[in-house]
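Undergrad: build me a model:
(one chain, ligands or ions: 2)
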Amino acid sequence: MGLSDRQPAESESIALDSQRGQPGAGAGRAIWNVSVTIVLMGLLFAAILLHLAPSRQTIGLAISYTLLSIGPPLTLSLIEHLTRPAGPRKSRKKWFLHFQIMLANYASGIPFGILAAYLASQLVTFLGLKLGLIDLRLDSGKGVAAIVGAFLVSTLIGDFFFYWYHRSLHKSTILWQHHKMHHLDPEFDAMTGPRQNWLENFFSVFFISVPMAVLFKFNTLDPLHAGLLNGAIIGFLQSVVFINHSNLRLQFGKASPCFISSQTHRIHHSYLPQHRDKNFVAFFPIWDILFGTYYHPAPDEFPLTGVEDERDIQSVWEVQIFALREWWKMFRARHGNKSNLVRPN
Ligand SMILES: [Zn+2]
Ligand SMILES: [Zn+2]
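TA: Ligands and ions are numbered 1, 2, ... in the order given. Prediction:
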């Protein structure tokens with residue numbers, strides 16, 4: 001299916017909206033959306049505050065963390081708005097929906113992240129694994145080169161695990177039902193980065209955090225307590241996820257194999273067959289090169305993004321149940337009658 005076939009999905013949803021629409025329904029929906037956003041923002045702040053409470057931290061610090069988590073995507077959204085885009089832009093309505101998805105993702109990420117970490121520690125104990133074979137903790141006495149080196153090594157190795165995790169998300173039919181929600185976005189931009197749900201915490205902890213904890217001893221990656229240099233490096237690494245999804249004409253040309261850019265990650269999100277299952281890494285394309293999945297972009301190659309024959313998500317609630325619904329569809333298609341094999345959209 002090409003772009004021309006995908007557009008009716010958008011207009012379909014608009015038509016659906018107008019069918020539902022009664023006089024005043026638009027204003028009602030706007031009030032509902034703003035209310036949901038305020039509630040989600042409150043939940044994010046409350047989750048951060050509760051998370052900090054055991055270490056007797058203040059409301060001020062919780063506000064700082066909240067701003068630190070939403071600051072980079074908001075800044076990038078502004079830059080995207082002011083500069084020439086690499087692909088289609090989100091409508092205001094779609095951008096707002098993605099802002100809600102990001103808040104829900106971050107707010108749910110705290111309790112579910114804690115639960116996932118607890119389950120992972122139980123698994124490690126059960127398997128009798130020894131943790132922290134290599135010490136990469138950053139003492140204040142270490143020089144700048146040692147600190148940067150430790151970050152480089154840990155990020156490179158972390159990216160190795162991320163590569164295989166991400167590749168599994170694409171290659172396993174079951175895991176793809178979860179990950180494809182991140183890929184359905186036809187307007188690839190900074191807000192596509194945090195387009196994940198609570199389930200991601202469980203998968204990433206078991207696929208990435210557990211093997212990393214077995215290999216390395218780390219300091220907690222906390223930018224507000226890590227000092228200026230460490231905080232700056234951590235802040236940059238955390239911002240890369242937004243930068244590499246940005247709708248900017250960022251391209252590194254011949255240097256593309258050295259570090260991820262929004263162009264190489266856009267290729268990963270492309271719906272064109274020649275780009276499928278390429279460029280999996282989060283930071284260093286060396287792993288894609290070594291394992292045969294690197295696609296070197298041509299100058300000004302900024303493809304359209306999305307997934308064929310799939311309707312994009314319509315609400316923040318749909319995001320939360322997305323994988324469960326897709327697994328249920330899979331189960332019914334395999335065990336139900338033939339008509340269940342036809343996609344409902
Ligand atoms: Zn992917
Ligand atoms: Zn992505």
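Undergrad: with just CA atoms, put stretch 147-160 into CSV.
TA: Written as CSV, here are the backbone C-alpha positions of stretch 147-160 (Å, rounded to 0.1, in the frame of the first residue of the first chain):
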residue,chain,number,x,y,z
ILE,A,147,34.6,9.8,32.7
VAL,A,148,33.9,10.3,29.0
GLY,A,149,35.6,6.9,28.3
ALA,A,150,33.4,5.2,30.8
PHE,A,151,30.2,6.7,29.3
LEU,A,152,31.4,5.8,25.8
VAL,A,153,32.1,2.2,26.7
SER,A,154,28.8,1.7,28.7
THR,A,155,26.8,3.4,26.0
LEU,A,156,28.4,1.4,23.3
ILE,A,157,27.7,-1.9,25.1
GLY,A,158,24.2,-0.8,26.1
ASP,A,159,23.6,-0.1,22.5
PHE,A,160,24.7,-3.6,21.6
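Undergrad: now that stretch: buried residues?
TA: Of the residues in stretch 147-160, those buried under the neighbour-count criterion (16 or more other CB atoms under 10 Å) are 147, 150-151, 154-155, 157-160. Placement of C-beta: from N, CA and C, glycine included.
Undergrad: that stretch: how far from the chain's middle?
TA: A distance of 20 Å separates the centroid of the chain from that of stretch 147-160, by CA atoms, centre = their mean, to the nearest Å.
Undergrad: also stretch 80-92?
TA: Between the centre of stretch 80-92 and the centre of its chain there are 19 Å (CA atoms, centre = their mean).
Undergrad: where does the stretch 51-200 of the chain have low pLDDT?
TA: 55-57, 138-143 (pLDDT under 70).
Undergrad: show me where it has its helices.
TA: Along the stretch 51-200 of the chain, the stretches classed as helices by DSSP state H, counting those that start in this stretch are 59-82, 92-127, 144-171, 173-183, 199-204.
Undergrad: and of these, who's closest to residue 217?
TA: Between residue 217 and those, the tightest spacing by CB to CB is seen for helix 144-171, at 10.1 Å.
Undergrad: and the closest one with helix 173-183, angle?
TA: 110 degrees (axes from the mean of the first three to the mean of the last three CA atoms, to 10 degrees).
Undergrad: what is helix 144-171 packed up against?
TA: In terms of contacts (3 or more CB pairs under 8 Å, 6 or more residues apart in numbering; DSSP states H and E), helix 144-171 is packed against helix 173-183, helix 199-204, helix 210-215, helix 227-243, helix 286-290.
Undergrad: reformat the helices of the stretch 51-200 of the chain as TSV; add distance to residue 32.
TA: Output for those, formatted as TSV (distance: least, CB to CB, whole Å):
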stretch	distance to residue 32
helix 59-82	21
helix 92-127	11
helix 144-171	33
helix 173-183	22
helix 199-204	26
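Undergrad: ok so, going back, and the helices and strands packed on helix 144-171 as JSON lines, adding distance to residue 249 and mean neighbour count?
TA: What follows is these, written out as JSON lines (distance: least, CB to CB, whole Å; neighbours: other CB atoms under 10 Å):
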{"stretch": "helix 173-183", "distance to residue 249": "21", "mean neighbour count": "18"}
{"stretch": "helix 199-204", "distance to residue 249": "29", "mean neighbour count": "19"}
{"stretch": "helix 210-215", "distance to residue 249": "34", "mean neighbour count": "18"}
{"stretch": "helix 227-243", "distance to residue 249": "13", "mean neighbour count": "16"}
{"stretch": "helix 286-290", "distance to residue 249": "22", "mean neighbour count": "17"}
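Undergrad: which of the ones you listed has the lowest average pLDDT?
TA: Set side by side, the helices and strands packed on helix 144-171 show their lowest mean pLDDT on helix 227-243, which sits at a mean of 75.
Undergrad: report whether the expected contact of residue 111 with residue 47 is present.
TA: Yes: assessed by CB atoms under 8 Å, residue 111 is found in contact with residue 47 at 6.6 Å.
Undergrad: about what we covered before: and the helices and strands packed on helix 144-171: which comes nearest residue 326?
TA: Taking CB to CB as the criterion, residue 326 comes closest to helix 173-183 out of these, the separation being 3.7 Å.
Undergrad: what does that closest one contact?
TA: Outside of helix 173-183, the residues within contact range by CB atoms under 8 Å, 6 or more residues apart in numbering are 166, 168-170, 192, 195-197, 199-200, 203, 269, 305-307, 310, 313, 319, 322-323, 326-327, 330.
Undergrad: appreciated, that's everything.
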